[in-house]
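S.K.: I'll drop the sequence and a predicted model, then ask my questions.
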Amino acid sequence: MGSKEKELFKVDDRLRSVAIIMDGNGRWAKKRLMPRTFGHKAGAAIIEKTLMTLKEMGVHHVTLYAFSTENWKRPKEEVDVIMNLVYKYLDEVVCDRIRKDPDFSMKFLGDKNALPEKLREKCIEVENMAKDTPFVCNLALNYGGRDDIVHAANELVRLGLPITEENISKYIYTAPSPDPDLIIRTGGDFRVSNFLLWQGAYSEYVILDTLWPDFSYEDIEKSFKEFYSRKRRFGGLNEGEEE
Ligand code: IPE
Ligand code: IPE
Ligand code: MG
């Protein structure tokens, strides 16, 4: 990822929470005249390196969109390959990472009940290995932004709590991670695809043409520089804009 040769771009408190829509695996494979699943394998293979680079750059919360509530519509063979790849990644890479790195933990966003049993158990195991570490990866698996809000609202009803913005923010899947400052989408499509509808209310978006398996350090640096060139207003005005 080129991170060793040149000095790493470091983030400050304006950019501690980053989310990525990891899109374009199928097109990456098609370009190579290979089945879509070949792209998913290549895409899974770069996740670890990406997370470690983001951690080194000073990001504290990374939310990755791995599988949406709508992705079940895909052929069963493709879904099975994705589920197996996630299992393998958790079993072979993430468990080891958590054992070695006291600063790292992983959480899963979405209803685990729909996942294959073996994967569901692995997710629970991973979540129980470490919690609330300085660096957290939220892996969105069977995740939908609408489902997230409905789930939070149901939790509030169950607990008899008032439905307020503050309470929903406490019970959405990403809590206690802060809302993403930046959402990067690879694959070039300008749409949200049901990702972080609540949390992304004021996130900056960067859309990259890079297909996910080709995502590199240069793409991260480019996205971060673009983020720092933007003026965030959160509906208000910045200093000097009042007149
Ligand atoms: C993203 O890549 C991975 C998942 C949605 C699981 P795609 O499989 O959507 O790849 P494209 O967008 O068809 O190229
Ligand atoms: C979004 O990509 C979901 C993930 C990257 C996991 P999709 O490929 O599912 O989105 P659409 O269908 O192009 O909107
Ligand atoms: Mg896609």
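M.R.: Everything's here; your move. Ligands and ions are numbered 1, 2, ... in the order given.
S.K.: which stretches of this structure form helices?
M.R.: Residue ranges of the helices in the chain, as given by DSSP state H, are 25-31, 36-45, 47-56, 76-89, 95-100, 117-129, 145-159, 165-171, 217-229.
S.K.: neighbouring contacts of the second one?
M.R.: Helix 36-45 is contacted by residues 22, 24-30, 32, 77-78, 81-82, 85-86, 88-89, 211-213 when judged by C-beta atoms under 8 Å, 6 or more residues apart in numbering. For the C-beta atoms, the positions are set from N, CA and C on the backbone; glycine is no exception.
S.K.: average pLDDT across that helix?
M.R.: Mean pLDDT, computed over helix 36-45, is 98.
S.K.: for that helix, which positions count as buried?
M.R.: Of the residues in helix 36-45, 36-44 count as buried by neighbour count, 16 or more other C-beta atoms under 10 Å.
S.K.: can you check the longest one too?
M.R.: Across helix 145-159, burial judged by 16+ other C-beta under 10 Å covers 145, 147-149, 151-152, 156.
S.K.: go on, the last one?
M.R.: Neighbour counts over helix 217-229 (16+ other C-beta under 10 Å) mark 217, 219-224, 226-227 as buried.
S.K.: Near ligand 2, which residues of the chain? Just list them.
M.R.: With C-beta under 6 Å from any ligand atom as the criterion, the chain comes near ligand 2 at residues 21-23, 65-68, 71, 189, 191, 193.
S.K.: As TSV, those with neighbour count would be great.
M.R.: What follows is these, written out as TSV (neighbours: other C-beta atoms under 10 Å):
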residue	neighbour count
I21	25
M22	24
D23	23
Y65	24
A66	24
F67	21
S68	20
N71	18
D189	13
R191	10
S193	14
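S.K.: Now do the contacts for the residue positioned nearest the centre of the chain.
M.R.: Nearest to the geometric centre of the chain sits L64, at 1.6 Å (C-alpha atoms, centre = their mean). Counting by C-beta under 8 Å, 6+ apart, L64 makes contact with 19-20, 22, 47, 137-140.
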